[in-house]
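Undergrad: what follows is a predicted protein model with its sequence.
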Amino acid sequence: MPSADLFVAFVLTTAVFAYMPGPAMLYAAAQTMARGRWSGLMAALGIHLGGYVHVVAAAAGLSVLFHAVPPLYFAVKLVGAAYLVWLGISLFRRRGEEDGAMPVIGPKSGRRAFFESVTVEVLNPKTAVFFLAFLPQFVDPAAALPVWAQFLILGTIVNLMFSSADIVCVALAGAVVSRLKRSGRAQRMARRAGGALLVGLGLHLVLQRN
């Protein structure tokens, strides 16, 4: 493991990155606005578990493929962006609340949000590139632990800290949604806002140059 000073720097830097508003936080907020707090929490869990795919890939050196084969990076990014846009459009097309009735937020909505979120995170190559660029700055090749183990430990800490920020975002969005429950119109607007946010995230991802 890195020295104490380097580890403190790692934790502080990770906290700054984690609590800066980013796509994962906005995605979790969108799921909360569209489906309720429980679905938002399940979305945060899905993002968290999907993040471990990138942690393991970084530890195994697989993330280097995105740098070595740019078309692969672009292809994965395109698929992930298209999936986000599709999720957003599907929220617009839902008609369960059009008659003014409150949406039913139950286990199925939570499970759906969970599996969608795992897919979104796994298909996000920018997460893989982030781990590949960030973690080596704090890995000590001379340490007792092998480099791959340091990648796993540091990556797990990063993932946990980012997920804590996602949960805070879900709580804040959930507080807003709870105040809108009395109004069917406001509920529909929140759902559509969540769908628009997902579409916007997808378009932003595909239009980014890197």
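TA: Arrived safely, thanks for sending.
Undergrad: and the nearest residue to Ala60 once chain neighbours are set aside, what pLDDT?
TA: Distances taken as Cβ to Cβ, 6 or more residues apart in numbering place Trp148 nearest to Ala60, at 7.1 Å, with adjacent residues excluded. Using the backbone N, CA and C atoms, a C-beta is placed for each residue, glycine as well. In this prediction, Trp148 carries a pLDDT score of 86.
Undergrad: Val170 now?
TA: 93.
Undergrad: what do you get for Leu154?
TA: 94.
Undergrad: what is the burial count for it?
TA: Using other Cβ atoms under 10 Å, Leu154 is surrounded by 26 other residues.
Undergrad: contact partners for Val199?
TA: Val199 sits next to 84-85, 88-89 when contact means Cβ atoms under 8 Å, 6 or more residues apart in numbering.
Undergrad: just the buried residues of the residues you listed.
TA: Neighbour-count burial (16 or more other Cβ atoms under 10 Å) is assigned, among these, to 84-85, 88.
Undergrad: that older thread, how far out from the middle of the chain is the strand or helix carrying the residue nearest to Ala60?
TA: Counting by DSSP states H and E, the element that carries Trp148 is helix 147-180. Remark: helix 147-180 is offset 8 Å from the chain centroid, using Cα atoms, centre = their mean, to the nearest Å.
Undergrad: repeat that for stretch 123-135.
TA: That offset, for stretch 123-135, works out to 12 Å (Cα atoms, centre = their mean).
Undergrad: what comes up buried for that stretch?
TA: Neighbour-count burial for stretch 123-135 [16+ other Cβ under 10 Å]: 123-132, 134-135.
Undergrad: hmm, which two among these are most spread apart?
TA: Farthest pair in the buried residues of stretch 123-135 (Cβ to Cβ) is Leu123 and Leu135. Separation: 20.5 Å.
Undergrad: picking that back up, tell me which other helices or strands the helix holding Trp148 touches.
TA: helix 4-18, helix 23-35, helix 37-60, helix 125-134, helix 184-207 (3 or more Cβ pairs under 8 Å, 6 or more residues apart in numbering; DSSP states H and E).
Undergrad: and with 6 Å instead?
TA: helix 4-18, helix 23-35, helix 37-60, helix 184-207 (3 or more Cβ pairs under 6 Å, 6 or more residues apart in numbering; DSSP states H and E).
Undergrad: which SSE is immediately downstream of the least confident helix or strand in the chain by mean pLDDT?
TA: Ranked by mean pLDDT, DSSP states H and E, the weakest helix or strand in the chain is helix 64-68, scoring a mean of 67. Once the chain leaves helix 64-68, the next helix or strand it forms, by DSSP H and E, is helix 70-93.
Undergrad: so for that following helix, what's the average pLDDT?
TA: In this model, helix 70-93 has a mean pLDDT of 77.
Undergrad: from the middle of its chain, how far away would it be?
TA: In this view, helix 70-93 has its centroid 14 Å away from the chain centroid, taken as Cα atoms, centre = their mean.
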